[in-house]
Each structure stands twice: as C-alpha cells, then as structure tokens.
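J.: When you get a sec, could you give me coordinates for this:
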Amino acid sequence: MTKRWVVAAALGALLFGVLLTGRGVRAEILPVPDSVRQLRTPHEDVHELRAIDGSRRLGEQRLRAAMEGDRFVLQVATRFVDGEQWDERAEMDVSHGYRAYSFAKTVQRDGSVIAEGHVDFTSGKVQWRADGVAHERTFAFKPDTYVGPMLGVVLAAVPGRSSGRASFRALVFRPEPQVYTVRAEVVSEEDFRAGGLVEPTTKLRLKADLGAVQNALFAKLIPDHYFWFTRDETPAFLAFEGSLGSAGPELRMIPERRPTRTAKAG
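T.: Model prediction:
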C-alpha cells in the first residue's frame, strides 16, 4: 500500500486527517452551468504536479471531460515521476443539478494493480481493494455527495454566489470509505502566478465541517485545501494546493499551458 492510495486523488485530493463526521450548514446539490450542458466537443486539460515550494516536479495529470447524454463524464489519468499511475472515471447526472452517478479508480505500479475503488451512487454500493484484500460496503448516499475529480467541477459554482460559500458531502477513501460534510468559501480574488502564467482568479478554501464544537477542537488537525478558478463569466478550475492525505506530501497542481476560451467553457 502506498501513501497515495490513502487518499482519493488530485483535482480532487481532498481528504482530511481524522475520522470524524459532523453536522454543519445545510449541504446542497450544486447547479450545472449551461456551458457544461451544451458541451459538444470533449474538453482536455493538462496539469503539472509540483512540490508545494515549486522545487520538484511530482508528475502530471490529464483530464478529459465530455457530455454523454445527460451525464457529464470525467476521465483522469495521473502519472507520478516515481512510476505510480492513477486512472479514474467519474460520471455525474446533470439533468437536475450535479448528482454523482458512478466513480472508478485504479492504481498501478510496475504494471501491477495495487488498489482499486468502485462506487455506484444509485445503489450506494462501494467496493474497494487495498493490501490485496477486497472489501464491500453499502451507503445511503445523499444526492449532494461527490468524490474525487468531481470536486474540481462542482466547486466552479461557488465563485458566482452572493454568499461566496457552499456546503456538500465528500466521499473519501482512507483507504476505507468515509463521508464528510465539507464547506467551500471564497477567500480572495487574486492573480494566480506560476511560471509565465498570470491569470485573474477566485481563490476558494475547502475544509471539513464537523460542527461548531468539533471544528473548534480539531481545526488544527485537519488541513485546508485551496482551489483557484478563472475569474470570468463561466469560472473554470485552474489550480489546486493541498496535502495528499494525512501522511502524504503537499503539492500544487498548475496548468501546463494557459487555458483557452474553449477550455474555460468546459
């Protein structure tokens, strides 16, 4: 078992360091912009993964997004410099807001599968394999539950809100699955700078919402994660910063090239 499978992946590597579930503000299904519903040509993005101080390249992630009927499908391939590979497929029904439909992830090293996860959000069935042992569990998922690569998509709805915040649930593999309430909020508008890229952005903070008492007790133990979205009519994911689980390295995910207008629409 590698450290990386203790978490559920970049673009969404949003996992929290303690096994606590709390009650926060009312969670909600996040809305789908017309630019996603009307996406006719698949959109592709490439992001570089770097150490938090920018000193080391850790890998790259390639994303392909496409509409297939009423479903928005994300295919994500993450390749790390140490040879580990993640392949993910996430499907969301977008007919009435973003609703998770299915998710699958495979982790390989040296040509061998070392971990897997499969989620059917309609039945609540979750299957995963870790350390060579297969597991299965059934959840009663709320309609506002998202996982992995979905997070970088659904959070694009937050910058345009008058409140500048939203709350929903996140399914997390540690490697066993857990569901957390999480809160996203706008913290600033700033120019994101990386290499030669200078892009006006809205910066969001994502954190676990464990309820007033537990938030006060455990806030320092649970790392925050940050997302940058383009600051235009249709915000799009640009960059990410956070830790890969409680034992994993912190990293920055930055675009390998300046996003085009087509990419922003995706």
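
J.: Listing request: residues of this protein with sub-threshold pLDDT.
T.: Along the chain, the parts satisfying pLDDT under 70 run over 1-27, 210-222, 244-249, 257-266.

J.: Could you pull out the helices in it for me?
T.: Using DSSP state H, the helices assigned to the chain run over residues 34-37, 151-154, 212-218, 261-265.

J.: elements contacting the second one?
T.: So that's helix 151-154. The contact analysis (3 or more Cβ pairs under 8 Å, 6 or more residues apart in numbering; DSSP states H and E) places helix 151-154 against strand 237-243. Where C-beta positions appear, they are placed from N, C-alpha and C, glycine not excepted.

J.: Which positions within the strand it packs on qualify as buried?
T.: 237-243 (16 or more other Cβ atoms under 10 Å).

J.: so what strands line up beside that strand?
T.: Paired strands of strand 237-243, with direction, are strand 225-230 (antiparallel), strand 250-255 (antiparallel) (DSSP bridges).

J.: any idea which of those strands is most buried?
T.: Compared across the strands paired with strand 237-243, strand 225-230 shows the largest average neighbour count, a mean of 23 (mean count of other Cβ atoms under 10 Å).

J.: Kindly format the C-alpha coordinates of that one as CSV.
T.: In CSV, the C-alpha atoms belonging to strand 225-230 read as follows (Å, rounded to 0.1, in the frame of the first residue of the first chain):
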residue,chain,number,x,y,z
HIS,A,225,-7.3,22.7,0.6
TYR,A,226,-7.3,25.5,-1.9
PHE,A,227,-8.7,25.9,-5.4
TRP,A,228,-8.2,28.6,-7.9
PHE,A,229,-10.9,29.3,-10.6
THR,A,230,-10.7,31.6,-13.6
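
J.: For the buried residues of strand 237-243, which two are the farthest from each other?
T.: Distances among these were taken as Cβ to Cβ; the most separated pair is 238 and 243, at 19.2 Å.

J.: Hmm, residue 115 is touching residue 104, no?
T.: No: counting by Cβ atoms under 8 Å, residue 115 stays clear of residue 104, with 11.9 Å between them.

J.: Between the two, point out the one with more neighbours.
T.: Taking other Cβ atoms under 10 Å, residue 115 and residue 104 do not tie; residue 115 has more neighbours (23 against 16).

J.: any idea how far that one is from residue 131?
T.: 8 Å (Cβ to Cβ, to the nearest Å).

J.: hang on, the earlier thing: what about the strands paired with strand 237-243, which gets the closest to residue 84?
T.: That would be strand 250-255 among those, by Cβ to Cβ, at 13.5 Å.

J.: got the end-to-end distance for stretch 146-163?
T.: End-to-end span of stretch 146-163 (Cα to Cα, to the nearest Å): 21 Å.

J.: Quick check: bridge partners of residue 199?
T.: residue 192.

J.: swap in the one 4 residues further on?
T.: Beta-bridge partners for residue 203, by DSSP bridges, are residue 188, residue 228.

J.: For it, give me its contacts.
T.: 186-190, 192, 226-228 (Cβ atoms under 8 Å, 6 or more residues apart in numbering).
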